[in-house]
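S.K.: need the 3D shape of this:
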Amino acid sequence: MTGYDRAELDEMVQNWLDANLKCEAANDWKPLAEMYTADATYGWNYGPTEDFMAIGREEIRDLALGQEMLGLEGWQYPYQEVIIDHVSGTVMGLWKQVADATRPDGSHYEVHGFGGSWFRYAGNGQWSWHRDFFDFGNVSALFIEMMTDKTLSAGMHKRIERAMSGEKLPGYYPLGKTPVALW
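M.R.: From the prediction side, this is the model:
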């Protein structure tokens, strides 16, 4: 293992958290792409039949932070805990998924459970590897609840319609067939 200066990793994590807040406020996560190396990979499992993988900074910008965040404008992803291993350059962040829409009682729609991001630091203030995990069942249940309550955004309705059309979207692969290993 290479090892990194702990203060450097602490600074990277704080920069990441600050940048996330700015992107949430702007409803545009694409600027986060600059925090990845040119050849970085970013992926996640998307349920029992598909995985998602973006390869390289441009795909991360266009697909992971662009295409995949459409319809989620106004959502927040507050980090609850961050664990840093400066020896391996590994960072693990645990976050919530909170919609801007509220229930009649005033509480925000929120995915039950937690999600997370697993990063590998490459130095120079950039990630080389990023994997997300979240409870697909709870995400699906929340979207169904929001559809039933007529609070799901128009953008998310469009995404669901597109997914149900059978249109093949870039970045999606059959389970276990991503060009770069998911785990």
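S.K.: quick one: the helices in the protein, in order.
M.R.: Assigned by DSSP state H, the helices in the chain fall at 6-26, 57-59, 136-148, 154-164.
S.K.: isn't residue 53 right up against residue 176?
M.R.: No: with contacts counted by C-beta atoms under 8 Å, residue 53 stays clear of residue 176, the gap being 11.2 Å. Glycine gets a C-beta too; all of them are placed from N, C-alpha and C.
S.K.: okay, the two: which has more neighbours?
M.R.: Taking neighbours as other C-beta atoms under 10 Å, residue 53 and residue 176 compare with residue 53 leading, 21 against 11.
S.K.: is the more buried one in a bridge, and if so with what?
M.R.: When assigned by DSSP bridges, residue 53 has beta-bridge partners residue 43.
S.K.: model confidence score at it, please.
M.R.: Residue 53 is assigned a pLDDT of 98 by the prediction.
S.K.: show me the contacts for it.
M.R.: Going by C-beta atoms under 8 Å, 6 or more residues apart in numbering, residue 53 touches 41-43, 171, 173, 178-180, 182.
S.K.: with adjacent residues omitted, what lies nearest to the spatially most central residue of the chain?
M.R.: Most central in the chain under C-alpha atoms, centre = their mean is residue 132, positioned 5.9 Å from the mean C-alpha point. Nearest in space to residue 132, with sequence neighbours left out and distances taken as C-beta to C-beta, 6 or more residues apart in numbering, is residue 44 at 4.0 Å.
S.K.: need the contacts of residue 53 in CSV with neighbour count, pLDDT and distance to residue 60, can you?
M.R.: Shown next, in CSV, are the contacts of residue 53 (neighbours: other C-beta atoms under 10 Å; pLDDT from 0 to 100; distance: C-beta to C-beta, whole Å):
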residue, neighbour count, pLDDT, distance to residue 60
41, 24, 98, 8
42, 28, 98, 5
43, 24, 98, 10
171, 22, 97, 10
173, 16, 97, 16
178, 21, 97, 14
179, 9, 96, 14
180, 13, 95, 12
182, 16, 90, 15
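S.K.: in strands, which of the residues you listed fall?
M.R.: Members of the contacts of residue 53 lying in strands (criterion: DSSP state E): 41-43, 173.
S.K.: need the helix or strand of the chain with the lowest average pLDDT.
M.R.: helix 154-164 (a mean of 90; mean pLDDT, DSSP states H and E).
S.K.: now that helix and helix 136-148, what's the angle there?
M.R.: Angle of helix 154-164 versus helix 136-148, following axes from the mean of the first three to the mean of the last three C-alpha atoms, to 10 degrees, is 120 degrees.
S.K.: so which other helices or strands are in contact with helix 154-164?
M.R.: Using 3 or more C-beta pairs under 8 Å, 6 or more residues apart in numbering; DSSP states H and E as the contact test, the elements touching helix 154-164 are helix 136-148.
S.K.: how about residues contacting the helix it packs on?
M.R.: With C-beta under 8 Å, 6+ apart as the contact definition, helix 136-148 has outside contacts at 45-48, 97, 99, 101, 109-113, 152, 156-157, 160.
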